[in-house]
Structures are given as C-alpha cells and as structure tokens.
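>>> Attaching a predicted model along with its sequence, questions to come.
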Amino acid sequence: MKIHIWSIIRYLFLLILIVFFVLVFKQNYLVFLLFPYVLLPAVLIPLFIINVKKISIKGGSVVESTEVGNNIVFYTEYVNPTYYPFLKCSLTFSMNNLFFKADKDNLLNINVLPKKTDRVNISVRTSAIGMVVFEGKGMTVTGFMGMVSMKLPVSFNVQVPVFPEKKENVDVAEIPYSEGYDEYTEPDLKGNLSSDIKEIREYRPGDRLARIHWKLTAKMEELQVKEMERTSVMSLVVVPELERSQISSTVSTLDAVSRELANRGERFEICLYNSVACSFDNYIIDNEESLLICYRDMYYLPLYEGAESAKEAYYASNQKSALLLSVYGESVKLLEDGIEIDDLAEGIF
Amino acid sequence: MRKRLSRFEKKKISELEQTGIAIDDVYGTKKSSPLFLCLSKALIIFMVCAGTVTGFSDALSLNYNKSAIVFFTLLISVLISLLYVNKKVFYIGYIAYLIIFTVELLRYYLYANSGFQAIMNRVREVYAEFFNMSVVRSAEESYTNRYVTITVTLIFIISFLVVMYNITVSRYMNFAETFAISFIILEIPFYIGYKPPLISVVLIMAGCICTGLLQKGAFNRVTIPGKNAPDYIRDKIFKKTYYTTRGSHRGILMVLAASLVMSFFLCIFSLPIFERDLGETPDDSAKAAMDDTIKIVVQNGIYGLFNRYDSINGLNRGVLGGVSSVSPDFKTDLVVSFVPYSKETVYLPGFKGITYTGMNWYNRVNVSDFPELKLGEEGYIDSSSIDNLDYILITNKLKTEYSPSEDKSIKARAQISYVDKSFGMYVYPYITLNGAPYGVEEPLYQPADPEKERVMETKETDYYPLEFVEYRTAEDEGYGDYPRSREYKIDSDGNITRSVVTDIDYPGTGTVTIRNGYSTEVQAKSISCYSYVNDICLKVPDGLNRYLDGFCKEKGYFGLGSIQEYKRLQSIVDEDRTSSPKIDLPISEELKERLMELGSITVINLLPDGGSGEGELGKYLEEYEELIRQRYEHKEALNDYRLKICEAIKNMFLDEYPYTLSPGKTPSGEDFVQYFLEDQKRGFCSHFASAAVMILRHLGIPARYVEGYCIPYSLMTEEANKLDIDGEEWFSGENEFNPDKNVYSVKVSDYYAHAWVEVYLEGQGFVPFEFTPPSYEAVGGEEMTGLGKFFSRLLNVDLGLGGNSEDTLSITGDVETPVVEEHSDMNFKILLLPLLILTGIVVLFWVLLLLIRRLILEIRYSRYLKEGRFAPLVFARYNELVKKLKKKKIVTVENPLPMEVCEDISVYYSDNPDVSEDKKDKDFRPIFTYIEKVLYSDYISNADEYIGFYRQLQEII
C-alpha cells in the first residue's frame, strides 16, 4: 500500500482551514463540513484496504486472429465481489506488435463498480502484420481523495496474430525443377539425390560420370547408371527475408506465393531464419493451417536490418536445397545453388 | 474534398505507421451514452448550485421566487453539462452561451443590477445589524420590487455559477474547488450566524461528497490527452499514454444516491451542533481583525481596503490631493475617558493647518513667504505657540456659562487612556487653549517610543482637568461678552489704561512661535500674534486668489451681494486698534505728585454702574469705559458679520456641494480647492474645510484648517448604555469627579476623524466652525464600486439603457417610486481610466503568468539535468530553437527534423549579408548531430556534453 503524502497534506490543510473557521471565527455551522472531512476518510479508507484485494482482473481478446487492416478488440474483465466501488483504477498495460515493439506502457483508467463483473474493451487498429500482444502489468487502485493506493498484481498476456490480407488471382510461374546433379553434392540434401539407389538403368548420353555404377558396368560390360533416390520429396524451399522495412510486403508476397503453390498441390517448405540465434526452422506447408502455424512462429522472430540476409545465411549453412524461393518485399526469386534462375515476381503481381 | 483529420486521428495514423497498431477506442461493455453521462453530471451540478443559491438567499431572508430559481438551476445545469457531450458542441455551445448570457444581461441589466444591489444592501444591512454599525453605504436600486429583481439577479448568478461548477464537476470532479465555490458564497451568511435551511445544506453536502467520491475517478476525461510533438520523440519522453473509459452514468447516479443518503444523515446528526454556541475560543484577536476588515468592506466596499489614509490613522496631517475616498479602518485610535459635560460633540483638535499650498496644509510657515514679518528671538515659545505643535489637545465646543469664580469652571476631567501603537502624534494630557501643558510637561505618549506603555494606568491623578471656559463656539451667544472684571491703571500723566482686559483679549501683544520651512530645516521663529493672524492666516496662493475673486463674484458673495459692509467694519476695528482710547483726566497737582511718587495707581472694579465709584474719577472712568464699550461693539459687529459670511458659505455648500466619502482624487497639478469648487463639486470634510478657509481668507477673514477627532453625543451614549449608566445626571455639570463611576471611556476610532475650520473672531481668538454639510449617504447615496460605476456608465452610454426605465416598468407588487440614476454627467475621461487600469491589470497578469511558466520550465529542466534525462531536455531546447527560428521565418515547416533545421540555418546565414563572418563560417552540424543522437538513438549523453551543446545553441540564437 502506498500512502500519498501530498494528498494527505492537502487534506489536512483543508481540515485545518475548516477547524480554523469553526473555532477561531466561531462558526459552528461549519461543523457539518467536518463530517465529510473526518468521517468519510475514517470509514472509507479502512473499507478500501479490506476490499481492494478481492477484486480480480484479467484480459482477453474477442478474436483469435485477424487480417491486417481489421480492428482487434481486446478486453479486460474485472470482478468486484464487494459492495465497495473502486472509482480510480489504473491498469498498466502494453500493447505491441512484436515486429515493431515500442517499449511503452499505457495506463487505462477504469472504474470498478460494486458487485459487478464488467468488461472494458480496447479496440485496436492494425496496419501491419505481426503478433499483437496485449499484456497487463499491474493495476493501481486509489482510495478516497487519493490518499492511499494499492498496486494489484495483474498478469495476462493476450496474443492475436494479424495475418496478411488474402490475395486473389495470383499467378505464380511453373517451378522448373532441373535434373542432373553432380556427384559431389552432399547426399543428404533435401530434394536432392540420396545415397539410396532407386534403380539401375542403362547409360543414356548426358548422364554424369559420377552416376555410373562401375562395378556393375564391369560385370555387365555395358555402362550402367545409378538412378538415385531423392533425399526427400521436397524439392522447393521458400525463404522469406525478415527485413524490417519490407516485412509487410514480404509476408504479403509470401502468403500469396504459398497459397498459390499449395493450391497447385506442390509440396514445399518455408524456412524461417532467426537472425539472432542464426538458426533455421522449417515448416512443411501442406494446408492453410500449417501456413498459419508458420506465420504465428514467424511473428515471434526478430527482424533484421539490411537486405537479404536469410538467403545468404541459408547457403552458408549446411541446409541446402535444390531450389530456393527467396521472398523479399514484392520480389520473388528462384535460385538454384545460389544462382538466380528466374524472377517470379512479375507473375505474382 | 479531403477530410481534415483531428489531432487524435493524426496521432493514430502516425502510431499505425510506426508500430503497426493504434488504440482506437476504449469503452465499457455497456457503453454509456454521452448524453446520459452529461445528464447525470448535471444532477450533481444542480444539487450544489441550487443548494448554494437557495441556502444563501434563505439564510439572508431574501424575498424571491423559489420555484423559478429551482427550475432555472435545473435547466441551466442540464444545458451547460451537455456541452461536454462532444468537442464541437463544447466550443460552439460555450460561445453561444456566453453571447446569450451577455445579451440577456444587457437586456435585463437594470433588473439584474437592482437585484444585485438589493442583495448587497441586504447583506450590508444584516452585517451592520450584527456589528451594531450604522449603514453608511447603500446602493441605489433602480427598481424597488425586490421580489422580481432578486429573482432575476439570482438567475444570472446561477447562470454564472453553473459554468463554474461545470468546470469543477464535469471537467475535473474536484471536491475542493466545488466546495470552495459554495463556501465563498455561504460564508456571507455563515459569518454572522445566519443559518441556511437544512435542505440546502443537505444538497450542497451531497453534491460535494459525490464529487469527492468521484474525484480522480474514471468519469472525468472525455478525450485522450496528447502532446503536440513528433510521436517518435514523444514516446521517448513521455513513456505512458493515458486512456480513460467513458464513465458510466449508472455509476455516477449510484454514487450520487449514496452521497445524498450520507449527507442527509450527517446533517441530521450535526443539527445539534448547529444550534450550539461554541463559547470561548482560544484567541479572539483573529476574529477581531477579521471583523475589522469586514466592517471596512461593509461600510466602504472592497475598494475601501486599498484606499485609506496612509499617514497617521484617521488624521491626514493636511495631505489633501492624493486621497480619493475616506475609508476608515474602524480601529480604535484613542480611548478618551472623561466626564461628559453637555450633549454636544466634543472636538479634539490635532493638526492645525495654517499654510496652504494647493495640495497640502502645513502647520508651519515658509518665512520667505512673508518678508514683511518682523521676527523675534529664535526659539522663543510663547504660551499661544501650542497652535503650531503637532499633538492632540483636548478641548471642546461646549457652551459654558462663564463664571468668574476661582475654580475656573473645572467641571470635567479627561484622560487619554489608550493610544494606538501606530499613532503618529504626541499626546499631551491636557492643554488649555491659552496655556502651557497643564501640570505636566512630558507628553503622555510619544510616537515610536517603544518604552511607553500604550495603555495608561487609570489613576485619579491622571485625569486632567478640562477647562471649557474660554474656547467657545462662534454659534454661542454672547461671544463678545462685555468684561466684568477689570483693572485700570492711571499713570502720572493722567492716562488711564486697562491693565488686564480678559485672558483672551486681542492677542496683539503676544508672540507665536512658527516653524520656518514646510518640513525640513525646522527653525523656530517667533512672530507677533498680530502677524500670525493678519498675515499668515490670511494668506491665499495667488492663482487661487484670482480664481476665488471670480468665484465669489459669481456666487454673489454667497447671497450677501457684496462685502462692503464687512470692509467698513474691518476698517473701523483696525482704526480702533491703532489708536488707544484716551480721555483727558483733570487731576489735581497733589494727586499728580503722589502719582509721580508711586509711579502709577491701580483702581480695581470701578464699575460703570458706579457701585464703588470714587467721586469725580468715577465719572471720567465712565466716559473712558464708554469708549471701550464702543470698541467692543465695533468688534462685535465685525464678528457678527464674519459669522454671517460663514453661514452664507455653509449654506452654499449645503445647497450645491453634496457630501460624499469617495469624491475621487484631485488630479495632480490641480489646486485642491479650485478643483473641488469648480469640477468635483462634492467631497468630504477636508474639501469643505479647506475651501471654506480659502474663501474666508480671500474675503479677509483670518481662518485656519483643523484636523482632529470629534466625539458625537451618540458615541457617548452608546458607551454609557453599555455601562448601564444614566448619562443625564452628568450633564448637570455638578458631578463630583470619580474615575470609577462617572467616567465615560469612549473608543474613538478613525471613523470619527474630522476636519473643520477655525475662524478668528476679534476678542475671542480662533473659534471652531463647522462647514461640512451633513452626510445623506446613509439614506441612499450612489455608492457603487469603481468598476460597477464604470460598467453602469458604459452600459448607459453605449446602449442607451436606463433612460426610459420608468415607462418600461410594470412590475407587480408594492412598487415605490423608482429612483433613476442620472447619467448626464458622463465623462469619457472617467471611462478611459478604468479601461486603462483594466488593460494594465490584464497585461500584468499575462506577463506574470508567462514569467511563472518560464520559471516552472526552468525548474523542470534543471531537474531533468540532475536526473540525467537528456532526451526531454534536449527536445525542449530544440523546440525553443525551432520556435525562435520560425518567428524569424528561417524555418517554415512544421515539426522539422534537426538536419532540416541545420540546413535552413546554413542557407539563411550564407544568404544573409547582415550575418557576421564568424557565424557564416561556423559549422552547426555537430549541434544537430547531438540532437539527433540524443533524440533518435539510445545514446546516453552526459552533463558536460549537454552544457556544451546548450552554449552552442545560444550562439545560434
């Protein structure tokens, strides 16, 4: 409990003033003023202290997620089981989009009426994708005439993701999967040839020398070629660049591309780059749900400054894929072994 | 057309751009309509306002229409509180309300003013009754139907009060301020123990408790506050943003109901205390001081507190010009204990003015003004020199029977038993008119003498005899009494002279000590009494003399036609004076020889009736006596004529020059008397006394100006009543002196300070004469305050109101004849002065506000510096710079970035030929880089760096 000295001094000053008028100027009529002044604080402050701990407050959101541009309605719900009204309650809360976190607290003044459960709604406009977090940090309840106050612990954390707007009629060009890999490529590359042999067939012109099954050729006296099993079915990895300035359009483009690819029945992965931990998380996208899960996780990732770090980092890491779709802003680039082979952006927008 | 965005909308958009989100609205689930919210606040306002106004009016028993007042209070409360429904309504509504209020006030100005004056008159009445004072001020009521005028006025007062309450209730919910507004109004009846009805008290209390409970609650704000600064910086400086839900009207109503119940029970419980007398309080001095102040306000208005005589208490020591109104402070200056003598006013002269300069009276003479005077020995103090000393002496103008007995008619004794500390005069116990201090030489009281007790012990020996013998008023009959006791001297040549005539015979042989110089270099000189009377007491400044010449002619010598007769009489008396009465006394050689031997013989009481005449000598003495008698008759005729002139002047004052306590100041440079006679034409005692002295002197009658105290009979009886003494027996003049029983102790406050005239009568000396006409202000003088007068004049002149008020009136009730104020003497000069003063006050107020604001800001900045919060500090300095540059039109964009400002400055300096080379070459970039670093990054500055930055910043400006 915090005692506000200034409020008490102010109160005492007024009290002395009235007593002065009553006693020095012999004005007994002013005695009635002493009643609200002496009686009310004497009764109300103990009542306040007894009852204040009984109130509880929690937070929530009316929607689970929303599309960018729509409003999110959060609410704080208080329960006051007592007959005492708490007319000055200040809820300290923060409201942040994790991508653009402004380290700023807000105060919400509410009045908690007696014997009541009520909500205060906070409508929030959104203009960017991201995870909107409504976090309660504590509530200060002030008593009669601001003389005492008490800080109640409040801990709720409500998160509502803001998804990008769905784009209709997106045209993404056909992904040209290329054949023929050289023998030195790592065996465990995704969408690449694995060490398992799928079949052995006769040599056809154009087959790489590394693929020739020398032992069998020696036996069969005919050039035999190993047809290798691919390491996984995935052949396409989408890497969005989580660069701060372009994040909205990047996610928007990513969403458009992903949905189009998913519609086509292509199986692909979204690889999210955590620039702080320097790690990658892969999300296999096969339906909308998996896409939203991917977004949700993406919203917690730190953004970085400067262009196209994820792509570079991806190639620098040991995760290598045959085909990589780099999404940055409104541009979508198809890369094979780090070499740009196509720009798909035109097809999208 | 592009829609103009509000500040809050702009803020939201900016937030959206930066953070991707912005809080749009905060509201409860059951969103209270602003309308209901305002209405519930209106109820609180109504309760407090109605309680205050009805409580005040009922406590003072004002006659008004209660239902109309309650209805209007409710109506106005609802209208005004609805202004908070939204911003547009707020601004437009307030302006509209102000216009309507002003227009209606102008339309019903006379009603409102009359009602207001009626209320004020009632307040004065009850206060005067409470303090047992006479009502010396009473405002004029144009319409006398108080029922209507008070109701109208109360409606206007409510219209104003509701606005005040709307601010303290709807805007802030501030208990203390709400209470203060009610308290100030209710204190008026409270202070003197007038009770408001219980219902009013309950209403006020309920409203105040409700405001107290809702204070700081979430019912207050209707908008989201924000500072006018770029958001990115603001976020860095002001960490928290406040949001407030719109309150719920159900909550307010619930609290209001609870407050009503609480206040009802509290009032019921406190009723017994209402009725109880609190009895003795520890210290009454505070109350006494407050009472004194209130008395001044009741009698002279608030203006009275600021405009008092600033010299010694009631007396002004001849200072005339700088006093615009007389506002006594009612503090006791003297306590005079005495045995009363008659029912006439007792005068205590203090200051005697003999030299008039146009703005002041001095009790000294500038000797260089009278080169023809023959000065005697320096430092010689003659018995009659008391006229020039600065002290209170006790005398009166009582009619006494002259008694030749030895005890000299000592029938009363007096003592000044208390002197106020601030009293600036010597107090001598008693001084006879013609004698030195009687019995004692040391004063009882000296100014600024800390050793002296202010309250003198009362002992019988401290009562000094009052001799009322010689100092008779001019109005008394027989002033020129033929002397009954006389001695004759016959010298060897046979000349008869009267060796002693009377004590107050013509003072031609005495001398008077005068002081040279008005104030500094006091140098005592003694001059003959003749010169004192006929030179000094006839001196009129030349300019004024010329004016009075015309003035007297214009007035037809005040109805006397001319004063030729006076001049003739004067010349006869002058002739008498220059030649001594002489008869040839044929005496025998034998007697002659005997006389030669003896030198002279004295013959006593050879009365004309021949009672003890000594043969032949008696016949001659009779002849001689006849000559003397003739001379007395000449003097008597002259004195008669002097008094006739005095009466004529007094009558002129009575007819043409009304008495007022606040006639206004004499403009500097103007002659006080001339301005009074010519322009001002009204005044208080000093005006009348000064003017009368000057007119008398101009006509050749010696006169002087006197300031002092007068104790009226009413004051004596008031004291006597308190002591339960039968005063009547005292007036027999036969009482034995008994300090325990027979003494009146009269508290003489500065209210009884007065100025009058002493006219010189031949053979009698200076006798007091009252020229001041009686005051009629008590029964209805115009006594508005300066501002009230100003507005009333303004309204009547510019809007032509009030002229036909008699015709337009048709008020029911007992209508008395309306008194319509005359405004024909409208003077724009008078308007201009208050206007200038008002403007001056407003300008001063703003300057003061700006200075205070600056001071607060500097304190805040120093705190920031101490706490190491450089971001807000740098931001404030940067803002100041931008403001100054904007004024000089160097920067034109709103919220410019530091580098933009830097560029603008560089461009300005390089383009402007007037700028010194130093500045042109100076690189301001580091300053702005510093600003950028502090404001936009996490850079933590230090004090030295800031001080360096600040110095460089000053260079730019």
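Everything's here; your move.
>>> does B:Glu15 really touch B:Asp24, like I thought?
No - judged on CB atoms under 8 Å, B:Glu15 makes no contact with B:Asp24 at a distance of 10.1 Å. In this view, the C-beta of every residue, glycine as well, is placed from N, C-alpha and C.
>>> So these two - more neighbours on which side?
Counting neighbours by other CB atoms under 10 Å in any protein chain shown for B:Glu15 and for B:Asp24 shows that B:Glu15 has the greater number, 21 against 17.
>>> give me phi/psi at that one?
Note on B:Glu15: backbone dihedrals following degrees, to the nearest 10 are phi -70, psi -40.
>>> pLDDT score assigned to it?
Per-residue pLDDT puts B:Glu15 at 78.
>>> Now it. Nearest residue, chain neighbours left out?
Counting by CB to CB, 6 or more residues apart in numbering or on different chains, B:Glu15 lies nearest to B:Ala22, which is 3.9 Å off, once chain neighbours are set aside.
>>> next one: B:Cys902
Of all residues not flanking B:Cys902 in the chain, B:Phe928 sits nearest, at 4.1 Å (CB to CB, 6+ apart).
>>> Name the residues that touch the host helix or strand of that neighbour?
In this structure, B:Phe928 sits in helix B:925-936 according to DSSP states H and E. Applying CB atoms under 8 Å, 6 or more residues apart in numbering or on different chains, the external contacts of helix B:925-936 come out as B:232-233, B:236, B:870-871, B:874-875, B:878, B:897-899, B:901-902, B:939, B:941, B:945, B:949, B:952-953, B:956.
>>> and the residues you listed, which are buried?
Using 16 or more other CB atoms under 10 Å in any protein chain shown as the burial test, those include B:233, B:236, B:870-871, B:874-875, B:878, B:898, B:901-902, B:941, B:949, B:953, B:956 as buried.
>>> can you put those in TSV and add pLDDT?
Written out in TSV, the entries for the buried ones among the contacts of helix B:925-936 read as follows (pLDDT from 0 to 100):
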residue	pLDDT
B:Ile233	51
B:Lys236	52
B:Phe870	83
B:Ala871	82
B:Val874	86
B:Phe875	83
B:Tyr878	85
B:Pro898	82
B:Val901	85
B:Cys902	85
B:Ser941	80
B:Phe949	86
B:Leu953	82
B:Ile956	75
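>>> Out of those residues, which two sit at the greatest distance?
When these are compared pair by pair using CB to CB, the farthest-apart members prove to be B:Lys236 and B:Ile956, with a separation of 23.2 Å.
>>> Name the strands paired with the helix or strand containing B:Ala755 and say parallel or antiparallel.
Taking DSSP H and E as the definition, B:Ala755 sits inside strand B:753-761. Strand B:753-761 pairs in its sheet with strand B:703-711 (antiparallel), strand B:765-769 (antiparallel), by DSSP bridges.
>>> what residue lies at the spatial centre of chain A?
The centroid of chain A falls nearest to A:Met131 when counting by CA atoms, centre = their mean (2.7 Å).
>>> Find the nearest non-adjacent residue to that one, please.
In space, A:Met131 comes closest to A:Tyr299 once its chain neighbours are excluded; the distance is 3.6 Å by CB to CB, 6+ apart.
>>> In a helix, B:Gly358, correct?
No - counting by DSSP: H, G, I helix; E, B strand; the rest coil, B:Gly358 is not part of a helix but coil.
>>> State the distance from it to B:Val673.
As judged by CB to CB, to the nearest Å, B:Gly358 and B:Val673 stand 8 Å apart.
>>> related to what we said a few turns ago, same list, the strands paired with strand B:753-761, but as TSV with mean neighbour count and mean pLDDT please.
TSV is the format used below for these (neighbours: other CB atoms under 10 Å in any protein chain shown; pLDDT from 0 to 100):
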stretch	mean neighbour count	mean pLDDT
strand B:703-711	24	81
strand B:765-769	23	71
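>>> Take the ones you listed and lay them out in a markdown table including distance to A:Ser155.
Putting the strands paired with strand B:753-761 into a markdown table (distance: least, CB to CB, whole Å) gives the following:
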| stretch | distance to A:Ser155 |
| --- | --- |
| strand B:703-711 | 82 |
| strand B:765-769 | 93 |
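>>> now, which of the buried ones among the contacts of helix B:925-936 lie within strands?
Secondary structure of the buried ones among the contacts of helix B:925-936 is defined by DSSP state E; no position falls in strands.
>>> and the end-to-end length of stretch B:887-903?
Separation of the first and last residues of stretch B:887-903 by CA to CA, to the nearest Å is 17 Å.
>>> Not counting its own residues, what contacts that stretch?
With CB under 8 Å, 6+ apart as the test, stretch B:887-903 has contacts from B:229-230, B:878, B:881-882, B:885-886, B:904-905, B:908, B:924-925, B:927-929, B:931-932, B:935.
>>> Swap in 10 Å and give it another go.
By CB atoms under 10 Å, 6 or more residues apart in numbering or on different chains, the residues outside stretch B:887-903 that reach it are B:228-231, B:233, B:874, B:878-879, B:881-886, B:904-905, B:907-909, B:912, B:923-936, B:956-957.
>>> any chance you could read off phi and psi for A:Gln246?
The phi and psi torsions at A:Gln246 (degrees, to the nearest 10) take the values phi -110, psi 10.
>>> how much space between it and B:Ile837?
67 Å.
>>> for B:Thr929, same thing?
According to CB to CB, B:Thr929 and B:Ile837 sit 52 Å apart.
>>> ok so A:Ile200 is a strand residue?
Yes - counting by three-state DSSP, one finds A:Ile200 located in a strand.
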